[in-house]
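Novice: how does the following fold in three dimensions:
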Amino acid sequence: QVQLVESGGGLVQAGDSLRLSCAVSGGTFSNYAMGWFRQAPGKEREFVATISRAAITTNYADSVKGRFTISRDNAKNTVYLQMNSLKPDDTNVYYCAADQWGTAGTVASGANVDYWGQGTQVTVSS
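Specialist: Model (predicted):
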């Protein structure tokens with residue numbers, strides 16, 4: 001059973017930084033393209049960033065380009081999301097996603113995700 005466990009969320013002020021982590025267990029991590037999504041109450045889950053299995057390709061939503069960086073450590077079975085210059089609009093529950101044998105492009109759609117994490121809350125105050 002593959003499990004994804006996010007951590008690193010919290011309450012910060014606008015302009016601050018946070019780093020989210022997603023630890024993956026129960027599978028071969030390097031077989032999964034990984035992504036971060038976010039969802040606010042009453043809204044659809046939206047793509048934030050994705051990374052290919054070998055960390056060669058990354059994709060970002062326009063709203064986070066230049067502020068967020070996705071990375072992965074295949075030796076530690078962990079994917080990260082470094083979030084800088086946070087804004088109140090970034091307030092969401094952030095979810096980690098895994099797409100087996102996928103690409104940075106396929107996982108971004110959300111439709112091919114095989115596993116989701118439970119989510120971690122990020123709150124940015126103004």
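Novice: which ones are touching residue 74?
Specialist: 29-30, 55 (CB atoms under 8 Å, 6 or more residues apart in numbering). From N, CA and C alone the C-beta is placed, and that goes for glycine too.
Novice: just checking, residue 43 is part of a strand?
Specialist: No - counting by DSSP: H, G, I helix; E, B strand; the rest coil, residue 43 is located in no strand; its state is coil.
Novice: now it: how far from residue 17?
Specialist: 24 Å (CB to CB, to the nearest Å).
Novice: which residue packs closest to residue 1, ignoring adjacent ones?
Specialist: Nearest residue to residue 1, sequence neighbours excluded (CB to CB, 6 or more residues apart in numbering): residue 26, at 5.0 Å.
Novice: what spatial separation is found between the one you found and residue 3?
Specialist: The spacing between residue 26 and residue 3, counted by CB to CB, is 5 Å.
Novice: centre of the chain to the helix or strand of the chain with the lowest mean pLDDT, how far?
Specialist: Least confident element among the helices and strands of the chain, by mean pLDDT, DSSP states H and E: helix 104-108 (a mean of 92). Chain-centre distance of helix 104-108: 12 Å, with CA atoms, centre = their mean, to the nearest Å.
Novice: go on, stretch 46-57?
Specialist: 9 Å.
Novice: extract the C-alpha set from it and format it as PDB.
Specialist: The C-alpha coordinates for stretch 46-57 follow below in PDB (Å, rounded to 0.1, in the frame of the first residue of the first chain):
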ATOM      1  CA  GLU A  46      -6.000  23.000  -8.600                       C
ATOM      2  CA  PHE A  47      -2.600  22.100  -9.900                       C
ATOM      3  CA  VAL A  48       0.400  23.900  -8.300                       C
ATOM      4  CA  ALA A  49       3.500  22.200  -9.400                       C
ATOM      5  CA  THR A  50       4.700  18.800 -10.800                       C
ATOM      6  CA  ILE A  51       8.000  17.100 -11.300                       C
ATOM      7  CA  SER A  52       9.000  14.100 -13.500                       C
ATOM      8  CA  ARG A  53      10.300  10.800 -12.200                       C
ATOM      9  CA  ALA A  54      14.000  11.800 -12.700                       C
ATOM     10  CA  ALA A  55      13.500  15.400 -11.700                       C
ATOM     11  CA  ILE A  56      14.300  16.600 -15.200                       C
ATOM     12  CA  THR A  57      11.000  18.400 -16.000                       C
END
